[in-house]
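Asks: Got a sequence here, can you build the structure:
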Amino acid sequence: MPLQALKFNPGVSRNSTTLSNEGTWFECDKVRFRGGLPEKLGGWVKDNGVAATGVTPPAGSFWGVCRSLWNWITLDGSNLLSVATHLKLYIQDTIDGNFYDVTPIRSTTTNTATFAATSGSSVITVTDAGHGAQTGDFVTFSGAVSLGGNVTADILNAEHQITYVSSSVYTITVSVTADGSDTGNGGGAVTSEYELTTGNEFFSTASGFGAGGWGGATTGFTSTGWGQAAATGVGVDMRLWSQINFGEFLIANVRGGGIYLWVPASAASTYYRAQVLSSTNTNTQEGTAYWTTDTSCPSKCNIVHVSDSSRFVIAFGCNDYGESNINPLLVRWSDQEDYATWAPSVTNQAGSFTLSSGSEIIAIKPQRQEILVFTDAALYSMQYLGAPFVWGFQQVGSNTSIIGPNAVTTAANLTFWMGIDKFYVYDGRVQTLPCPLWQYVFNNINRDQGYQIFASTNEGFDEIWWFYCSDGATEVDRYVVFNYADKIWYYGTLSRTAWLDTPLRNTPVAAGYNGQIIYHEQGVDDATTNPPTAINSYIQSADFDLADGYQFQYGWRMIPDVKFDGSTVAAPEVTFSLTPRQYPGSGYGTAVTGDVVSANNYTSTRQYTVQQFTTDLPIRIRGRQMAFKVSSDTVGTHWQLGVPRINLKQDGRR
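Replies: Numbering: from 1, shown residues only. From the prediction side, this is the model:
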């Protein structure tokens, strides 16, 4: 019998059964397609910077789960990366690689904090009636004196994380154990700087008095009205940030909180705290507060953005003039080229507009000469008109959904996003994006964690990535990819919390749950560990048969076709597998496997023009249907599949 080519359509499809998908790929992990053929994903490496200020986390990491990354270059050429977590805000400079803590200071108390120690314990009790902090917040003390023993002034005058709060009293844990001489109170002349209140790592539920926000408890996309009970099952929102540049300045917003401005200092390697934008600041102390702003600036908003060419600062879902509560459909903007002026007048272009469809603005995305505004029920196009109307709003989609604020991205002048139960694309009109993985994704997704979902591009491979939590998971553990050039899909498992595809860094930047910045498409292994570990990757076909399965098929030889360019070891290898079964409803039988080993040594050079590897694999396999799989689990291996061949013949009906 002649050799049969094992060639399958590019992309992965599993909206139906393995048999009805014959001719396609059905399962995969850590695999992409290029030129219509599957290959292993590129590797990733850990950024080795360290936190330079504040409470120092382990080397090469930062405190909290990062939900937003933003990259820009200042006028002096500094390449900066802003890392916004549920606990802190950092700036990383590529000059030294350090993470600088620029978390805003929420409040400062003077001469009110006192300390009490217990001999034999490292827990210090702090009394400060005006602290307003919660468990997990950070505080920095200065001006304290020694408690008399091991707890010295240097131990106290530092940044600490609050471990317990009860009314005017809270506790911190220091690096020493108090002794019997630690009977002082710290001197009574202490300055206490309390950082921005920390947020939640993920969406959760709480119960009892105090659960949820004052006046109503948020549950998913909806809120209970003022005065209604906050009972069992109240939703507690997670901490999200939005970030954007105004020139070389950084403007950042905590969803549901204030707008903050960070200005680079003139001194090298000097990084000061970000400042709140919604109060009057006239000083230039610490190189950050270079402005005077009126109090009409929004004090609370859900998303902040800066329009690209017209240079307005825009707040989406914010409090109105003279109000303190958020109107979730209100859009407000500053005067043009002036982030400090928000009160409308005949001499400026500041203004506002309230959308009419939906109950809340969920997300925004700039696209060419418009800003797309997503509510929970519609899509609006926001366009600059100039004075006197300034901004115009046109509804371009109705009865649409978006699953989270970060579930949208733009590539090739198209905008893609994940809805509650399907994918969308906008090219001037809203369309459903067909997905052959629809059942796989939406039948096993944790919609309660929709705000954790984020989308980004990997432009080097024409890809849109969505990261999400599988059903029952509270951490991101899966991804699904749409290749917009080839219009194909594939998927896999990977834990990331944020992703930024920036031309200012050599490769895409991501964040992991362990407080690390991770650069993708570098090397071929997982280099977040030392030594690097292998990335386990595989792809498996749907079932194929002979003559529609009328007869069994018998195979006795495979001719591999694969290349290993990009590998970094001698003799990289992959495993080919064939798995039989007798009927579509029966389980798979025992797989027949064989290793395909390269004859080239990739430790001295990464590219070869002549591929040499295992010439053929002897097999003995019989079944009505079979599935083909290629996989790798060794360090230093990169592969791209060609079109292998197999010797098959008919072998009766039993």
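Asks: in stretch 169-186, what counts as buried?
Replies: Tyr170, Thr171, Ile172, Val174, Thr177, Ala178, Asp182, Gly184, Asn185, Gly186 (16 or more other Cβ atoms under 10 Å). Just so you know, the C-beta spots here come from the backbone N, C-alpha and C atoms, and that holds for glycine as well.
Asks: Over to stretch 76-84?
Replies: Neighbour counts using 16+ other Cβ under 10 Å place Ser78, Leu80, Leu81, Ser82, Val83, Ala84 of stretch 76-84 among the buried residues.
Asks: With stretch 483-498 instead?
Replies: Buried, per 16+ other Cβ under 10 Å, within stretch 483-498: Asn483, Tyr484, Ile488, Trp489, Tyr490, Tyr491, Gly492, Leu494, Ser495, Arg496, Thr497, Ala498.
Asks: Restricted to strands, list those residues.
Replies: Using DSSP state E, Asn483, Ile488, Trp489, Tyr490, Tyr491, Gly492, Ala498 are the members of these that sit in strands.
Asks: Next one: the first one from Trp489, what distance?
Replies: This points to Asn483. Asn483 sits 7 Å away from Trp489 when distances are taken as Cβ to Cβ, to the nearest Å.
Asks: and the two most separated of the buried residues of stretch 483-498?
Replies: Across these, the longest distance by Cβ to Cβ is 26.3 Å; it joins Ile488 and Thr497.
Asks: The closest residue to Leu546 other than its chain neighbours - how many residues pack around it?
Replies: Leaving aside its sequence neighbours, Leu546 sits nearest to Gln553 (Cβ to Cβ, 6 or more residues apart in numbering; 4.7 Å). Close neighbours of Gln553, defined as other Cβ atoms under 10 Å, add up to 24.
Asks: what about Gln439, how many neighbours?
Replies: If you count neighbours by other Cβ under 10 Å, Gln439 ends up with 12.
Asks: Using neighbour counts, pick out the buried residues of whichever strand or helix holds it.
Replies: Using DSSP states H and E, Gln439 sits within helix 438-442. Going by neighbour count (16+ other Cβ under 10 Å), the buried part of helix 438-442 is Trp438, Tyr440, Val441, Phe442.
Asks: thinking again about what came up before, out of the buried residues of stretch 483-498, flag the one nearest to Ser381.
Replies: Tyr484 (21.0 Å).
Asks: doesn't Ile464 make contact with that closest one?
Replies: Yes: Tyr484 lies in contact with Ile464 (Cβ atoms under 8 Å); the separation is 6.1 Å.
Asks: so what sits against both of those two?
Replies: Both Tyr484 and Ile464 are contacted by Ala411, Phe416, under the criterion Cβ atoms under 8 Å, 6 or more residues apart in numbering.
Asks: about what we covered before: using TSV, please lay out the ones in strands among the buried residues of stretch 483-498 together with pLDDT and distance to Thr127.
Replies: Formatted as TSV, those follow (pLDDT from 0 to 100; distance: Cβ to Cβ, whole Å):
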residue	pLDDT	distance to Thr127
Asn483	98	59
Ile488	98	62
Trp489	98	58
Tyr490	98	57
Tyr491	98	53
Gly492	98	52
Ala498	98	38
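Asks: Out of the residues you listed, flag the one nearest to Thr198.
Replies: For these, the minimum distance to Thr198 (Cβ to Cβ) is 17.3 Å, reached by Ala498.
Asks: what's near enough to touch the closest one?
Replies: Counting by Cβ under 8 Å, 6+ apart, Ala498 touches Cys66, Arg67, Ser68, Leu69, Phe454, Ala510, Ala511.
Asks: For it, give the beta-bridge partners.
Replies: Ala511 (DSSP bridges).
Asks: cool, Met626 as well?
Replies: Beta-bridge partners for Met626, by DSSP bridges, are Phe544, Pro580.
Asks: The chain should start at 588 in everything you say after this.
Replies: I'll keep to 588 as the first residue from here, and by that count the last item is Met1213.
Asks: That one against Tyr1141, yeah?
Replies: No: using Cβ under 8 Å, Met1213 is not in contact with Tyr1141, being 10.3 Å away.
Asks: Among these two, which residue is more densely surrounded?
Replies: Neighbour count, other Cβ under 10 Å: between Met1213 and Tyr1141, Met1213 has more, with 26 against 19.
Asks: For Val1111, give its distance to Asp1152.
Replies: 11 Å.
Asks: now do Thr672
Replies: Plainly put, Thr672 is 38 Å away from Asp1152 if you go by Cβ to Cβ.
Asks: Please identify which of the two sits among more neighbours.
Replies: For Thr672 versus Asp1152, neighbours defined as other Cβ under 10 Å are more numerous around Thr672 (24 against 17).
Asks: Contacts only, for the more buried one.
Replies: Contact analysis of Thr672 by Cβ under 8 Å, 6+ apart lists Phe649, Trp650, Gly651, Val652, Cys653, Arg654, Arg826, Gly1102.
Asks: dump the residue contacts of Gly771.
Replies: By Cβ under 8 Å, 6+ apart, the contact set of Gly771 is Phe702, Val732, Ser733, Leu734, Gly735.
Asks: Regarding the fourth one, what is its secondary structure?
Replies: Local secondary structure at Leu734 is given as coil here, using DSSP: H, G, I helix; E, B strand; the rest coil.
Asks: Wait, it touches Gly767, no?
Replies: No: with contact defined as Cβ under 8 Å, Leu734 does not count as touching Gly767 (11.0 Å).
Asks: Let me have the buried residues of stretch 1070-1085 in TSV, adding distance to Leu1165 as columns.
Replies: Formatted as TSV, the buried residues of stretch 1070-1085 follow (distance: Cβ to Cβ, whole Å):
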residue	distance to Leu1165
Asn1070	27
Tyr1071	33
Ile1075	24
Trp1076	25
Tyr1077	21
Tyr1078	23
Gly1079	22
Leu1081	28
Ser1082	32
Arg1083	33
Thr1084	38
Ala1085	40
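Asks: before we move on, the earlier item: the residue nearest to Leu1133: what's it in contact with?
Replies: Asp1132, Leu1133, Arg1209, Gly1210, Arg1211, Met1213, Leu1235, Lys1236, Gln1237, Asp1238.
Asks: pLDDT of the helix holding Gln1026, averaged?
Replies: In this model, helix 1025-1029 has an average pLDDT of 97.
Asks: Who are the packing partners of it?
Replies: Applying 3 or more Cβ pairs under 8 Å, 6 or more residues apart in numbering; DSSP states H and E, one finds that helix 1025-1029 contacts no other helix or strand.
Asks: gap between that helix and the chain center?
Replies: What separates the centre of helix 1025-1029 from the centre of its chain is 20 Å, taken as Cα atoms, centre = their mean, to the nearest Å.
Asks: tell me which element Ser655 is part of?
Replies: Using DSSP H and E, Ser655 sits in strand 653-660.
Asks: which is the next helix or strand following that strand?
Replies: Remark: after strand 653-660, the chain's next helix or strand is strand 666-672, criterion DSSP H and E.
Asks: sorry, back to before: of the buried residues of stretch 1070-1085, closest to Pro1159?
Replies: Nearest to Pro1159 among those, with distances taken as Cβ to Cβ, is Gly1079, at 20.4 Å.
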